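this one's sequence-less:
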């Protein structure tokens, strides 16, 4: 595997979802403002199976982000919230490993997405995702708690934060409960556009 | 007055001071990592009355930031924590209005800094600072609670965040308790250097 990555839109006040999210309200009360920068992009729409859209620097960032990922890990809560809105052709188009306490049969969807349910540990999910990803990255897709678990375990290699110039005021923060271990970061790239700032960080591992 | 501004270093997880700050530990447990990007800069050192230092893009950002400010507002807690380390020539070199519950005589320091203690309201402090600033900006220097009060009252015009690629894990978050009013932001500038990303935002006022 190349890297274990996180790639998320975050508000200036640190939230990746606004308040009152959950099944039936997957984008929560602030999500539209947080993700607005991506909706019109051709590369984002293509992943959702929608034609057309803009091609610009933001679209290239999204395209690059998708292209590098060979397998996805997410938690059960994210799966539950997303399953209905993602529909018959979820935007992942790869193997997705879902961390859950409830064993469940593999779920094969259209467009190349298969959900595999992992009940033992984040390390086990990462091992399976790594094998599936080949020479591509493993993306930890969410939610925040799961990203934080991977971070505390020292398993993340790279973060891309799409910093949206909005305040959500409440919701779920990405960078919370990171533990007391000192995580060293190096900012490796900045790309700006009118609606968002794309910030990439490498997690520096001290050998 | 030109603008009411905030200009602060913030960690990627949103903190402007780490844990265990206070009088006797003014830079708290994470502050050194948060502010490291500035220490070696000529423009920062000059304000502290120290010769030498680097001149680069970061130094220009700091110089510009200082040059635009005509008066400063801070709260009593920030004043108490800073008074000793700032010494006889505090780095402000202008009128500083300190929000406090305890009336107190003006405190004249060297290098042009005078602390005036304001007991009535943030609006009163802003009025006095505005009069003192002339055609320059009023800087709300901190702490976080005071910035949040000004924000909730709709009194901020511009934010510059020096986003440091560090996690502090705990401490005081800048963008917390912002209230439920929708604050609309426009990101107006991004300047990157190796150690920090300078992000400027305008608070969009709907007329």
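Nice, I can see it. All of these numbers come straight from a predicted model, not from anything done at the bench.

Point out where chain A drops to low pLDDT.
When residues are selected by pLDDT under 70, those of chain A lie in A:1, A:21-29, A:207.

Please tell me how far the most centrally placed residue in it sits from chain B.
Most central residue of chain A, judged by C-alpha distance to the mean C-alpha position with CA atoms, centre = their mean, is residue A:141 at 2.9 Å. Distance, residue A:141 to chain B, using CB to the nearest CB, to the nearest Å: 19 Å. C-beta: built from backbone N, CA, C; applies to glycine.

Now that that residue has come up, it's in contact with residue A:72, right?
Yes: between residue A:141 and residue A:72 there is a contact under CB atoms under 8 Å: 5.1 Å.

Which residues are in contact with each of these two?
Counting by CB atoms under 8 Å, 6 or more residues apart in numbering or on different chains, the shared contacts of residue A:141 and residue A:72 are residue A:96.

Is residue A:111 in a helix, a strand, or coil?
Of the three states, residue A:111 takes helix according to DSSP: H, G, I helix; E, B strand; the rest coil.

Next, the distance between the ends of stretch A:72-79.
Criterion CA to CA, to the nearest Å; first-to-last residue distance in stretch A:72-79 is 12 Å.

and if you look at stretch A:87-104?
Rule used - CA to CA; the end-to-end distance of stretch A:87-104 is 19 Å.

Now do that stretch: distance to the chain's middle.
Distance of stretch A:87-104 from the chain centroid (CA atoms, centre = their mean, to the nearest Å) equals 13 Å.

buried sites along it?
A:90, A:91, A:92, A:93, A:94, A:95, A:96, A:97, A:98, A:99, A:100 (16 or more other CB atoms under 10 Å in any protein chain shown).

So which of those residues is the closest to residue A:78?
residue A:98 (8.1 Å; CB to CB).

measure the closest one to chain B for me?
Residue A:98 is 26 Å from chain B, by CB to the nearest CB.

Equivalent analysis for residue A:151, please.
9 Å.

Test my guess that that residue contacts residue A:178.
Yes: in this structure residue A:151 lies within contact range of residue A:178 using CB under 8 Å: 5.8 Å.

who has more neighbours, the two?
Comparing residue A:151 with residue A:178 by other CB atoms under 10 Å in any protein chain shown, the one with more neighbours is residue A:151, at 22 against 19.

List the buried residues for the helix or strand hosting the more buried one?
Using DSSP states H and E, residue A:151 sits in helix A:144-152. By 16+ other CB under 10 Å, the buried positions in helix A:144-152 come out as A:144, A:146, A:147, A:148, A:149, A:150, A:151, A:152.

can you check stretch A:47-56 too?
So stretch A:47-56, judged by 16+ other CB under 10 Å, has buried residues A:47, A:53.

Give me the contacts around it.
Outside stretch A:47-56, the residues within contact range by CB under 8 Å, 6+ apart are A:40-46, A:59, A:66, A:89, A:91, A:93, A:111, A:193.

How far off centre is the helix holding residue A:151?
Distance, stretch centre to chain centre, for helix A:144-152: 12 Å (CA atoms, centre = their mean).

helices and strands around that helix, which ones?
strand A:4-11, strand A:69-75, helix A:122-133, strand A:137-142 (3 or more CB pairs under 8 Å, 6 or more residues apart in numbering or on different chains; DSSP states H and E).

and it with strand A:137-142, angle?
130 degrees (axes from the mean of the first three to the mean of the last three CA atoms, to 10 degrees).

now the angle from the helix or strand following helix A:144-152 to strand A:137-142?
Sequence order places strand A:158-164 as the next helix or strand after helix A:144-152, per DSSP H and E. If you take the same axes, to 10 degrees, strand A:158-164 sits at 50 degrees to strand A:137-142.

which secondary structure elements does the very next helix or strand once past strand A:158-164 contact?
Next helix or strand after strand A:158-164 toward the C-terminus (DSSP H and E): strand A:172-173. Judged by 3+ CB pairs under 8 Å, 6+ apart, the packing partners of strand A:172-173 are strand A:15-17.

so how far is the strand it packs on from its chain's centroid?
On CA atoms, centre = their mean, the centre of strand A:15-17 falls 12 Å from the chain's centre.

Near chain B, which residues of chain A are found?
A:12-14, A:161, A:163, A:165-167, A:169, A:173, A:175-176, A:178-180, A:183-187, A:190, A:192, A:194, A:196-197, A:199, A:201 (CB under 8 Å from any CB of the partner chain).

among these, which ones are buried?
Buried residues within these, counting neighbours by 16+ other CB under 10 Å: A:12-14, A:161, A:163, A:165-167, A:169, A:173, A:175-176, A:178, A:183, A:185, A:187, A:190, A:192, A:196-197, A:199, A:201.

so residue A:36 is in which element?
helix A:31-39.

again with residue A:65
Using DSSP H and E, residue A:65 sits within helix A:57-67.

which parts of that helix are buried?
For helix A:57-67, the buried set under the neighbour-count rule, 16+ other CB under 10 Å, comprises A:58, A:59, A:61, A:62, A:63, A:65, A:66.

I'd like the distance from that helix to the chain centre, please.
With CA atoms, centre = their mean, you get 14 Å for helix A:57-67.

Need the residues that contact it.
With contact meaning CB under 8 Å, 6+ apart, helix A:57-67 is reached by A:7, A:37-38, A:41-44, A:47, A:53, A:160, A:162, A:191, A:193, A:195-196, A:198.

Mind telling me the two of these farthest from one another?
The widest separation within the contacts of helix A:57-67 (CB to CB) is 20.2 Å, between A:53 and A:160.

helix/strand/coil for the nearest residue to residue A:194 once chain neighbours are set aside?
Once flanking residues are discounted, residue A:194 sits nearest to residue B:187: 8.0 Å by CB to CB, 6 or more residues apart in numbering or on different chains. Taking three-state DSSP as the rule, one finds residue B:187 in the strand state.

Show the contacting residues for residue B:187.
A:165, A:192, A:194, A:196, A:197, B:199, B:200, B:201.

Done for today, thanks.
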